[in-house]
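Trainee: Prediction below, plus the sequence it came from.
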Protein chains: 2
Amino acid sequence: MTGRQNRSGATIGIDLGGTKIFALAVDNGQIVGEAKEKTPVHGGPLAVVDALAAVIGQLTPSAPAAVGVGAPGAIDHRTGVIRWAPNLPGWIEPFNLASALSAAVGDCPVLVDNDVNVGTLAEHRLGAGQGHDDLVGIFVGTGVGGGLILDGRLRRGPTGFAGEIGHMVVRTGGRRCGCGGRGHVEAYAGRAGMERRARQLADRGSDTVLVSLAKARRMTSSVFARALAAKDTVALNLVEGAVEALAQALAATVTVLDVPLVVIGGGLADRLGPSFVARIEAATAELVPGVQTGALRIVPGDLGDRGGALGAALMAGTDISLPAPG
Amino acid sequence: MTGRQNRSGATIGIDLGGTKIFALAVDNGQIVGEAKEKTPVHGGPLAVVDALAAVIGQLTPSAPAAVGVGAPGAIDHRTGVIRWAPNLPGWIEPFNLASALSAAVGDCPVLVDNDVNVGTLAEHRLGAGQGHDDLVGIFVGTGVGGGLILDGRLRRGPTGFAGEIGHMVVRTGGRRCGCGGRGHVEAYAGRAGMERRARQLADRGSDTVLVSLAKARRMTSSVFARALAAKDTVALNLVEGAVEALAQALAATVTVLDVPLVVIGGGLADRLGPSFVARIEAATAELVPGVQTGALRIVPGDLGDRGGALGAALMAGTDISLPAPG
């Protein structure tokens, strides 16, 4: 019952990623603390709950007022169950993160949603989408995820998969996606899909610096940026393919939803910078009907990799005032 | 002031088409009358207002309680202005149909929306979409239009173009659409686009019964149905192309919106029948991510060409009880 006696404590927003946990505490609308931890590689969901509780404990001595968690995978927001999360180590079966974490931190309310949904919410309320009631958020990193704000509210959809732009087919029978499908946006525009293709091309004899820059490790967003700067042909072609795939999917989305703003975030997009976003904007405009083209803007996100935790805190019910930039 | 004294009269729903006007009157939730008229080919918007007022006069002696109009083109639902309507004869400039028609029929409220939006509303409330809070309506006729019901409400979008699935690009640089764009769904799956392509192929020497069946007149949906029955190769290929284009656009729509039901209506779809819809369903399912495929159903509409007028009456605020079928 201690938790119920401390409802005036801080609200915690957590970005639960495949490799790290980032959390922040919000009190009276101000960010009062941040904490970081590695995501446990052994122990599955129970170890993750312990790690999240430890991070929360670093941020607030008493039970928090509420906790929001953004996590990768298929999540039932209403129940707090993470149904499917291939990027969380050992998450084999559906597991109710909300109830387990709530029990671990004094029975406070815990809300869980997809990381891109909370990221989109953050850009809408605090970032590049402020003042817009209708927008698409798209996050281009290891994979490609998307979220929708329609009429000022996050659309989750009946199965919670609304906004899954990364798994839209843009090339029928095309490249294999990490999810097993073919021709999905993510296979062309996600860092992991681009890495698979780059290594395949190198194995077949294409000359590229991507493999040597990455060495034995994964081909990071920085590796792609450096290869582009060196005018590496394979990297140039892969990024061109990413721009085309994203433009096709965004054009379809904008056409059907009548949404005038797209905000692009995510590690790869952040690293490739505003010129990458500008190329996507130009390519998308060519594929959108004339009546909509004039109104459409595609812009970089403002919040970088803090967006997920900020959005998770917003989802948990707190307001946040960010300090003015500069 | 007569109109204001008769607010208890019937509610009128009107489907304003490029060639005909179909209207029905609803009183106490029952359909109490129907009327039909040709759309005037001369005189532009003012002649259309006169024709609509005459049809309303046939249905109700006193001023109606409210009027709803579904019309083709780009419509500002909030103001009642039809901004762009290439299929309405002489509709050169934006014209406020709502205020002109209201003045002509006793100052009653007049609401105007896109014909596919009201058609989607009708299938949602009275037809194949009953009981579903999230669905896509798609109408395959001369052109291809679509409407969205999300969380139980029609989504119009900030510019009123939400649901314009017909103008989604499915083949970059592909066939010219009636709107001037390239590769749009409507160029492959709309009757007019299919007719243009059939005549082009015949001119280039393809052997097809489509042109001889149509004679000097337009190539109707029945002509396509008869050519299919005769196993005409050009007709078979055109319908296959229509199925592929619709499947690609619907898969993109379903993926991004997480909508478990698609209702397909419109003259061409109605004429080609349930097998056409079943082919679209099968082709779409192949392009939708695994997690969504199981839940997705694509079904024919229930309301045929009365859907537009029914939806217009619903938009005007009345309930409708349809007699049980049979």
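Mentor: Thanks, I have the structure now.
Trainee: Am I right that A:Gly307 falls within a helix?
Mentor: Yes - counting by DSSP: H, G, I helix; E, B strand; the rest coil, A:Gly307 is located in a helix.
Trainee: Could you measure from it over to A:Thr39?
Mentor: Taking Cβ to Cβ, to the nearest Å as the criterion, A:Gly307 is separated from A:Thr39 by 18 Å. C-beta here means a position set from N, CA and C on the backbone, and glycine is covered the same way.
Trainee: Average pLDDT for the longest helix along chain A, rounded please.
Mentor: Longest helix of chain A, by residue count under DSSP state H: helix A:233-257. Averaging pLDDT along helix A:233-257 gives 97.
Trainee: So is it next to chain B?
Mentor: Yes - under the criterion of Cβ under 8 Å from any Cβ of the partner chain, chain B is reached by helix A:233-257 at A:Gln248, A:Ala249, A:Ala251, A:Ala252, A:Thr253, A:Thr255, A:Val256, A:Leu257.
Trainee: what comes up buried for that helix?
Mentor: By 16 or more other Cβ atoms under 10 Å in any protein chain shown, the buried positions in helix A:233-257 come out as A:234-235, A:238-239, A:241-257.
Trainee: what does stretch A:297-306 give?
Mentor: For stretch A:297-306, using 16+ other Cβ under 10 Å, the buried residues are A:Ile298, A:Val299, A:Pro300, A:Gly301, A:Asp302, A:Leu303, A:Asp305, A:Arg306.
Trainee: Inside strands: which ones of those?
Mentor: A:Ile298, A:Val299, A:Pro300 (DSSP state E).
Trainee: A:Gly307 and A:Thr39: who's more crowded?
Mentor: Between A:Gly307 and A:Thr39, counted using other Cβ atoms under 10 Å in any protein chain shown, A:Gly307 has the larger neighbour count: 29 against 17.
Trainee: and the more buried one, what does it touch?
Mentor: Shown in contact with A:Gly307 (Cβ atoms under 8 Å, 6 or more residues apart in numbering or on different chains): A:Val118, A:Gly119, A:Ala122, A:Glu123, A:Gly127, A:Gly265, A:Gly301.
Trainee: One more: A:Ile280?
Mentor: A:Ile280 neighbours (Cβ under 8 Å, 6+ apart): A:Val243, A:Leu246, A:Ala247, A:Leu250, A:Ile264, A:Ile298.
Trainee: Need those residues in CSV (columns: distance to B:Thr220).
Mentor: As requested, these are exported to CSV (distance: Cβ to Cβ, whole Å):
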residue, distance to B:Thr220
A:Val243, 42
A:Leu246, 40
A:Ala247, 37
A:Leu250, 37
A:Ile264, 46
A:Ile298, 42
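Trainee: Count residues in the vicinity of the closest residue to A:Ile298 other than its chain neighbours, would you?
Mentor: Among residues not flanking A:Ile298 along the chain, A:Glu281 sits closest, at 3.7 Å (Cβ to Cβ, 6 or more residues apart in numbering or on different chains). The number of residues packed near A:Glu281 is 19, by other Cβ under 10 Å.
Trainee: Okay, A:Glu281 and chain B: tell me how far apart.
Mentor: 16 Å (Cβ to the nearest Cβ, to the nearest Å).
Trainee: May I have the phi/psi pair for that residue?
Mentor: Backbone torsions for A:Glu281, taken as degrees, to the nearest 10, come to phi -60, psi -50.
Trainee: so what's it up against?
Mentor: Here A:Glu281 is in contact with A:Val262, A:Leu296, A:Arg297, A:Ile298, A:Val299 (criterion: Cβ under 8 Å, 6+ apart).
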